[in-house]
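Q: Just to be clear, the model below is a prediction. Sequence and coordinates:
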Amino acid sequence: MYLKKQKRSFDEQGPASFSGFLAVDLIAFIQLFVNAKPKAKQIYLDLWKTFPPMWVKDAKIDLEIGKVKTAQDLGAIVAYCQKKKYVAFSVEGDDKTAVLTAAADPFVQVAEMFQGPKAYNEALVAMDKDFIENILRNQNG
């Protein structure tokens, strides 16, 4: 809504680089924490809820998965969505199980570099959990 008023697209509004994306996420959370402390975590989680529905659709098209039939399919969708948010996961598994691993989480690394508040790390844990749950909710929708 605000972007329409500013006559800007979502792509124009977003940060143009990997490090910019991560820094904006941290700065946005700090601003929420300072200005809306009791609601900061929930607002942050709500903002991240906007991405899984779009990214799951993209994943299914790009990965050529019509309907999720195996754990490997689901793991590939989760890994795709995580990659969209700059966390590179690898997937190993079969029809019944899938194990996703990532060597690093750039959100945590950037927070450490800039000495982000403990509340941000707690929000990241909640966001990752919520993010995965939202992917699972949207995977067959």
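A: Received, thanks. Numbering: from 1, shown residues only.

Q: And for the residue nearest the centre of the chain, nearest residue in space, chain neighbours not counted?
A: What sits nearest the mean C-alpha location of the chain, by Cα atoms, centre = their mean, is Lys85, with 4.7 Å. Leaving out its chain neighbours, the residue that sits closest to Lys85 by Cβ to Cβ, 6 or more residues apart in numbering is Phe51, at 7.0 Å. Quick note: C-beta positions are derived from backbone N, CA and C, even for glycine.

Q: got it, and Asn121?
A: The shortest distance from Asn121 to any non-neighbouring residue, by Cβ to Cβ, 6+ apart, is to Ala111 (6.2 Å).

Q: what does Ile132 give?
A: That would be Val78: by Cβ to Cβ, 6+ apart, it lies 6.4 Å from Ile132.

Q: just checking, the one you found touches Val87?
A: No: under the criterion of Cβ atoms under 8 Å, Val78 makes no contact with Val87, lying 10.4 Å away.

Q: my guess is Gly116 meets Ile30, correct?
A: Yes: the criterion here is Cβ under 8 Å, and Gly116 meets it with Ile30 at 7.2 Å.

Q: the strands in the chain, which residues?
A: Per DSSP state E, the chain carries strands over the ranges 89-93, 98-102.

Q: Now do the longest helix along the chain against strand 98-102, angle only.
A: Ranked by residue count under DSSP state H, the longest helix found in the chain is helix 118-138. Put simply, helix 118-138 runs at 150 degrees to strand 98-102, going by axes from the mean of the first three to the mean of the last three Cα atoms, to 10 degrees.
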